[in-house]
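Chemist: pasting the sequence and the predicted model now:
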Amino acid sequence: MIDHHLYMLAVGIGNIAFALLMVPYLRSTGATPGLKVWMWARMAFGATQLLAVVRPATGLPVLAIAESAGWIAGLMLEAAAYAMFFGYPQLRRYLVPVSALYLLLACAASLNGLPHLQLIVYVSLAMGLGSFTTGAILMHPRLPGATALQRLIGATDMGAGATLAVWAVIVLAGHSVPQWGEAMAYIAGYLLLIVNGCGFILMSKQRDDARMERLATTDDLTGLLNRRAFFARAEAARLLALRLRQPITVLMLDIDHFKQLNDRFGHATGDEALVKFSATCMDSLREHDILGRLGGEEFALALPGTDLGGAMHAAERLRQGVLDTRLLTCGNSYTMTVSVGVVLIDPEEDLATALARADHALYEAKRNGRNRVEAGLVGRRRA
């Protein structure tokens, strides 16, 4: 038979340890939404569990009220952390009134002499149902950006939550629980400590790593690949096309008279032009096409599996789409145009050489009047 007080002592120390471990992590990285709230939830659970160890020996009514309030505070802080992490503002609006209601009920139950064991049972039922619900949310197939880690945590939460809830219902119904059932309930509670404690930190770390990768590979203004990331992905696409003996084309694109646009209407209009140009291009591209902003108003595009004729057609479609775009910040009084240079990458040609040819074709489009597409000369084999 597992000693209840020893179990609560171990779990309480574990929760407080998790909370303390989060402090240096929060100081060393950007605060993930909900992580600070999660830390306080672990602290509330840990303090309440330690209080549950010493309270029966004191017999002080005020400690019974504090323990009841601690369980509810921990549960609601945990729910708030998940709501913040996954971006459910509508759920957060209900947490304050629901928390206040449950706190009143818990304190009233303690003042009316609710036995300590029954308090634990009710708390276990609430924790079980809450964990099962959280697990179901993490396992939902439509959860945006769901990862294998989230699915694993969700499956564990659902299993442990269901175990705790079933145990609590059996006890509340007045039936005796076999020893193996008691052991399963304790194991479920311990799993929730380990999985939730480590899981939330790992999910936060995973999200922080993804955010840092996005910052390192994307352009802040347009959301497109930056210069370094474009070259890396376009080169990988070139090598794949070479192995598969498929064509691949590259395009250089430049917004016409961009400096004059900035000087005439201001940088806000220039930024709008860059954003709308990027969005117009992305709307007409395939999922595996690679578009990047090389700097200023200059963009590059790689079209895997596309020959020169197909690339010319795609470039004309882009040119027409940009021509139809209107800029709100200048009162729709400016017609934006783009010049494009297109080349088919030669099998013996590297990416930099192909882009240089595309840039030369772009220069020809500018020289010939802008707002046009020019095909580059056939690439020469390297010596």
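Modeler: All right, it came through fine. Predicted model, so just to flag it, every value in this text is computed and none were measured.

Chemist: could you point out the helix or strand that follows the helix or strand where Val166 lies?
Modeler: In this structure, Val166 sits in helix 148-172 according to DSSP states H and E. Next along the chain after helix 148-172, taking DSSP H and E as the criterion, comes helix 179-217.

Chemist: report the angle between that next one and helix 148-172.
Modeler: Here helix 179-217 points in a direction 150 degrees away from that of helix 148-172 (axes from the mean of the first three to the mean of the last three C-alpha atoms, to 10 degrees).

Chemist: so which elements touch helix 179-217?
Modeler: helix 4-28, helix 35-58, helix 61-86, helix 116-139, helix 148-172, helix 227-244 (3 or more C-beta pairs under 8 Å, 6 or more residues apart in numbering; DSSP states H and E). C-beta coordinates here come from the backbone N, C-alpha and C atoms, glycine included.

Chemist: figure out which of those helices is closest to Leu215.
Modeler: helix 227-244 (10.9 Å; C-beta to C-beta).

Chemist: who does the helix or strand following that closest one pair up with?
Modeler: Scanning forward in sequence from helix 227-244 by DSSP H and E, the next helix or strand is strand 248-255. Paired strands of strand 248-255, with direction, are strand 298-304 (antiparallel), strand 338-344 (antiparallel) (DSSP bridges).

Chemist: name the residues that touch the first one?
Modeler: Okay, so that is strand 298-304. 224, 230, 233-234, 237-238, 240-241, 246, 248-254, 277-278, 281, 285, 288-294, 310-311, 314, 355, 358 (C-beta atoms under 8 Å, 6 or more residues apart in numbering).

Chemist: buried set for that strand?
Modeler: Across strand 298-304, burial judged by 16 or more other C-beta atoms under 10 Å covers 298-304.

Chemist: now tabulate these in TSV and tack on pLDDT and distance to Cys107.
Modeler: Shown next, in TSV, are those (pLDDT from 0 to 100; distance: C-beta to C-beta, whole Å):
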residue	pLDDT	distance to Cys107
Glu298	94	65
Phe299	96	62
Ala300	97	65
Leu301	97	64
Ala302	97	64
Leu303	97	66
Pro304	96	65
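
Chemist: relative to Thr133, which of these is nearest.
Modeler: Pro304 (44.0 Å).

Chemist: so what's the most centrally placed residue in the chain closest to, chain neighbours aside?
Modeler: Nearest to the mean C-alpha position of the chain, by C-alpha atoms, centre = their mean, lies Arg207 at 5.2 Å. Once flanking residues are discounted, Arg207 sits nearest to Thr32: 5.7 Å by C-beta to C-beta, 6 or more residues apart in numbering.

Chemist: just Tyr25 next, same as before
Modeler: Ile201 (6.9 Å).

Chemist: quick one: that neighbour and Thr218, what's the gap?
Modeler: Note on Ile201: its distance to Thr218, by C-beta to C-beta, to the nearest Å, is 26 Å.

Chemist: more neighbours: the two, which one.
Modeler: Shown here are Ile201 and Thr218; by other C-beta atoms under 10 Å, Ile201 has more neighbours (19 against 16).

Chemist: residues contacting that one?
Modeler: Per C-beta under 8 Å, 6+ apart, neighbours of Ile201: 18, 21-22, 25, 35.

Chemist: can you list the residues you listed in a markdown table and add neighbour count?
Modeler: Listed next are the contacts of Ile201 as a markdown table, based on neighbours: other C-beta atoms under 10 Å:
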| residue | neighbour count |
| --- | --- |
| Phe18 | 23 |
| Leu21 | 14 |
| Met22 | 21 |
| Tyr25 | 16 |
| Leu35 | 23 |
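
Chemist: need the residues you listed in JSON lines (columns: pLDDT and distance to Leu104).
Modeler: Listed next are those as JSON lines, based on pLDDT from 0 to 100; distance: C-beta to C-beta, whole Å:
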{"residue": "Phe18", "pLDDT": "83", "distance to Leu104": "29"}
{"residue": "Leu21", "pLDDT": "83", "distance to Leu104": "33"}
{"residue": "Met22", "pLDDT": "82", "distance to Leu104": "30"}
{"residue": "Tyr25", "pLDDT": "76", "distance to Leu104": "35"}
{"residue": "Leu35", "pLDDT": "84", "distance to Leu104": "29"}
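
Chemist: with respect to Gly87, which of these is nearest?
Modeler: Distances from Gly87 to those, taken by C-beta to C-beta, are shortest for Leu35, at 13.9 Å.
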